[in-house]
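[1] Predicted model and sequence follow; I will ask about them next.
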Amino acid sequence: MAGEIRYDQAAETPVTEGLRPEVGAGAAVVADGPNLDGLGCHAGAAEMEAAARAAGNSEILDRYAADYPQGPHDKPQSMCPAFGSLRVGLRMRRVATVLSGSACCVYGLTFVSHFYGARRSVGYVPFNSETLVTGKLFEDIRDAVHELADPERYDAVVVTNLCVPTASGVPLKLLPNEINGVRIVGIDVPGFGVPTHAEAKDVLAGAMLNYARREIEAGPVAAPERGRSDRPTVALLGEMFPADPMMIGAMLAPLGLAAGPVVPCREWRELYAALDCGVVAAIHPFYTAAIREFQAAGRTVVGSAPVGHDGTMDWLAAIGAAYGVAADRVAAAQNGFGAAIKAALADNPIAGRITLSGYEGSELLVARLLVESGADVAYVGSACARNDWSAADRDWLEARGVVVKYRASLEDDCAAMEAFRPDLAIGTTPVVQKAKELAIPALYFTNLISARPLMGPAGAGSLAQVVNAAMANKARMDGMKEFFEGVGTGDTAGIWEGAPNLRPDFRAAHQKKLEKAAKAAQAEAMI
């Protein structure tokens, strides 16, 4: 197998052969550009991008434009994209994270990360206009990294530029590659270059795989903590419910294969084990940078996932073909698991029309499972971009009359829900809110749907209970809508003794003040 990692039994560390060389990247310098301090997400995407290019970050933005094609909107409609990369770093053992960005952005990111269970500190390097444009911010970041780089505590330190430092050209690539044996990984995750937090996970995962691949090329690296599998392995790309990798491993066993590490990984040495796998399963298809690193290491990438009956049959066949497994072994595995999946689907039927949307990147997989469970899925919207790795799922859904929309905006998702009038709307928080206003039962995709097993027999019956229970609440939703009828919406929400005094003239005057302040800030930035 090209690029296989051999393990030195004496040293208990792997040695590489055949991995392709890394292409070097040019350095950037801090430019004395426009004053963007304090604007952050409130600045226009075009203005921020122009500033970043003027500051020498065109190479980064061009790469992001190719990896993560933009949608109809110039700003993220979900949470700040940097939450994705922050989450990946915070979930890794012996990895420190440092943010460089506007204070309000850092506050929001740390709040959300702790809300989702992070139990470690997030580093922050503050700045002002002077330190931003003079280069002092970069020096402060470098000093902070040197202070953090304790090999007794950390394997790596991840430094992330948010919007303003990226737009100002703070050159993280000039940081040392390692300090005292601690790896230094610098990434830029601007909201005007990375459209979703799901794709920001790929930014860091790809950067770490790139670093690990270069380490492997340079010589022996640390062996996996649990040792190397005695069977060929399949790396799993994408965050999953904890039971899913075990279920995938069980389905691979009849093929003589084993499940490898899940990328994004939980510790640094798992990156080496992931690169040691001969085949990579792109369970979540949006990991463009990570896929590029695996392909650079000579690994075969297989799209889609073992969801539902048809998905599992096709996926097992594709994995078997990638590893050259005998056809009779593949057929035996398909027959064994296919019957179990069909039985689980039959025992847990779903009846009703559903619209589904989200920004996690697994929306098409969930839709396939719902369709095979009997649901009439009218629309699937994903905030992620279309690519080849989701083609099989897209074709399967469209062949069954499902409307599939990539880079779907909030407006797309709400319009589909209002047009199809489903029995259940699965989506993001604002979609769920809109659905409930219309007395349509709704479920939040991230917490209630994607946080469930989806793969193989275990996933086949996992959605029916929560979905059917939600659809059964239609009468309750109608009762709530009737109860609150007439209380008003928006500016007129609540119960009024008389007609609300809207005063549109006040609103127009305030809008003029905002526009004047924005023009003044723009003029100051051009000085």
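    Noted; the coordinates are in hand.

[2] going forward, measure contacts between C-alpha atoms and count neighbours the same way
    Fine.

[3] Pull the number of nearby residues for N387.
    The local packing of N387 (other CA atoms under 10 Å) involves 15 other residues.

[4] List the contacts of it.
    Neighbouring residues of N387 by CA atoms under 8 Å, 6 or more residues apart in numbering: P285, F286.

[5] how does it look with 10 Å?
    D67, Y68, P69, P285, F286, T288, R394, Y406 (CA atoms under 10 Å, 6 or more residues apart in numbering).

[6] again with G479
    By CA under 10 Å, 6+ apart, the residues touching G479 are A439, N473, E485.

[7] hmm, which two among the contacts of N387 are most spread apart?
    Maximum pairwise distance among the contacts of N387 (CA to CA): 19.0 Å, between D67 and R394.

[8] out of the two, which sits in the more crowded spot?
    The neighbour comparison of D67 against R394 (other CA under 10 Å) goes to R394, with 24 against 21.

[9] so the more buried one sits right up against L365, yeah?
    Yes. Counting by CA atoms under 10 Å, R394 touches L365, with 9.3 Å between them.

[10] any common contacting residues for those two?
    Residues touching both R394 and L365 (CA under 10 Å, 6+ apart) are S304.

[11] Any figure for the gap between F483 and K436?
    13 Å (CA to CA, to the nearest Å).

[12] Sort out for me which of the contacts of G479 are in strands.
    Counted as lying in strands by DSSP state E, out of those, is not a single one.

[13] Give me the lowest-pLDDT entry from those.
    Lowest pLDDT among the contacts of G479: E485, with 79.

[14] residues in contact with it?
    Contact analysis of E485 by CA under 10 Å, 6+ apart lists G479.

[15] Turn the contacts of G479 into TSV, including distance to D276.
    Below are the contacts of G479 laid out as TSV (distance: CA to CA, whole Å):
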residue	distance to D276
A439	51
N473	49
E485	61
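
[16] Out of these, the closest to P220 would be?
    Of all the contacts of G479, N473 has the smallest distance to P220: 58.7 Å, by CA to CA.

[17] Strands - which of the contacts of N387 land there?
    Y406.

[18] Closest to the centroid, which residue in this protein?
    Nearest to the mean C-alpha position of the chain, by CA atoms, centre = their mean, lies A198 at 1.5 Å.

[19] Surely it is in contact with G361?
    Yes. With contact defined as CA under 10 Å, A198 and G361 form a contacting pair (6.7 Å).

[20] Between those two, which contacts overlap?
    Common contact partners of A198 and G361 (CA under 10 Å, 6+ apart): G238, H284, F286, Y287, A383, C384.

[21] Check what pLDDT P349 gets.
    pLDDT at P349 comes out at 95.

[22] neighbours of it, just the number please.
    For P349, using other CA under 10 Å, the count is 19.

[23] do I449 as well
    Residues contacting I449 under the criterion other CA under 10 Å number 19.

[24] pretty sure it is in contact with G459, am I right?
    No. I449 is beyond contact range of G459, at 11.2 Å (criterion: CA under 10 Å).

[25] Quick check: neighbours shared by the two?
    Taking CA under 10 Å, 6+ apart as the criterion, I449 and G459 both touch V366.

[26] my guess is G374 contacts N348, does it?
    Yes. Contact criterion CA under 10 Å: G374 and N348 qualify, at 9.2 Å.

[27] Now the common contact residues for the two.
    Common neighbours of G374 and N348, using CA under 10 Å, 6+ apart, are A464.

[28] quick one: contacts for I341?
    By CA under 10 Å, 6+ apart, the neighbours of I341 are 307-310, 312, 347, 455-461.

[29] Was I right to think S229 contacts A274?
    No. With contact defined as CA under 10 Å, S229 does not reach A274; the gap is 11.5 Å.

[30] Give the intersection of the neighbour lists for the two.
    Common neighbours of S229 and A274 (criterion: CA under 10 Å, 6+ apart): A259, G260.

[31] The two: which is more packed in?
    Using other CA under 10 Å, the more surrounded residue of S229 and A274 is A274, with 27 against 14.

[32] and the more buried one, which of the three is it?
    Here A274 is recorded as helix under DSSP: H, G, I helix; E, B strand; the rest coil.

[33] and it, what pLDDT?
    96.

[34] Assess the claim that it and L209 are in contact.
    Yes. Assessed by CA under 10 Å, A274 is found in contact with L209 at 8.8 Å.

[35] Find the residue ranges of this protein scoring beneath the pLDDT cut-off.
    Applying pLDDT under 70 to the chain picks out residues 1-44, 72-76, 525-527.

[36] so who does the residue lying closest to Q465 once chain neighbours are set aside touch?
    Nearest in space to Q465, with sequence neighbours left out and distances taken as CA to CA, 6 or more residues apart in numbering, is N348 at 7.8 Å. Contacts for N348 (CA under 10 Å, 6+ apart) come out as S373, G374, A460, G461, S462, L463, A464, Q465, N468.

[37] For the residues you listed, give me TSV that also has neighbour count and secondary structure.
    Formatted as TSV, these follow (neighbours: other CA atoms under 10 Å; DSSP: H, G, I helix; E, B strand; the rest coil):
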residue	neighbour count	secondary structure
S373	24	coil
G374	17	coil
A460	28	helix
G461	25	coil
S462	19	coil
L463	22	coil
A464	21	helix
Q465	12	helix
N468	17	helix
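
[38] So which bits of stretch 181-192 are buried?
    Of all the residues in stretch 181-192, those buried under the rule 16 or more other CA atoms under 10 Å are V182, R183, I184, V185, G186, I187, D188, V189, P190, G191, F192.

[39] Also stretch 517-527?
    The neighbour-count check on stretch 517-527 (16+ other CA under 10 Å) flags Q522 as buried.

[40] Next: stretch 405-419.
    The neighbour-count check on stretch 405-419 (16+ other CA under 10 Å) flags K405, Y406, R407, A408, S409, L410, D413, C414, A416, M417 as buried.

[41] residue ranges of the strands in the stretch 201-350 of the chain, please?
    Using DSSP state E, counting those that start in this stretch, the strands of the stretch 201-350 of the chain run over 233-237, 258-263, 279-281, 300-302.

[42] so can I have CSV of those showing distance to E293 and mean neighbour count?
    Formatted as CSV, the strands of the stretch 201-350 of the chain follow (distance: least, CA to CA, whole Å; neighbours: other CA atoms under 10 Å):
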stretch, distance to E293, mean neighbour count
strand 233-237, 12, 26
strand 258-263, 12, 24
strand 279-281, 11, 26
strand 300-302, 11, 19
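
[43] could I get those as a markdown table with distance to A518?
    Output for the strands of the stretch 201-350 of the chain, formatted as a markdown table (distance: least, CA to CA, whole Å):
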| stretch | distance to A518 |
| --- | --- |
| strand 233-237 | 43 |
| strand 258-263 | 42 |
| strand 279-281 | 47 |
| strand 300-302 | 48 |
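
[44] So for E147, which of those strands sits nearest?
    strand 258-263 (28.5 Å).
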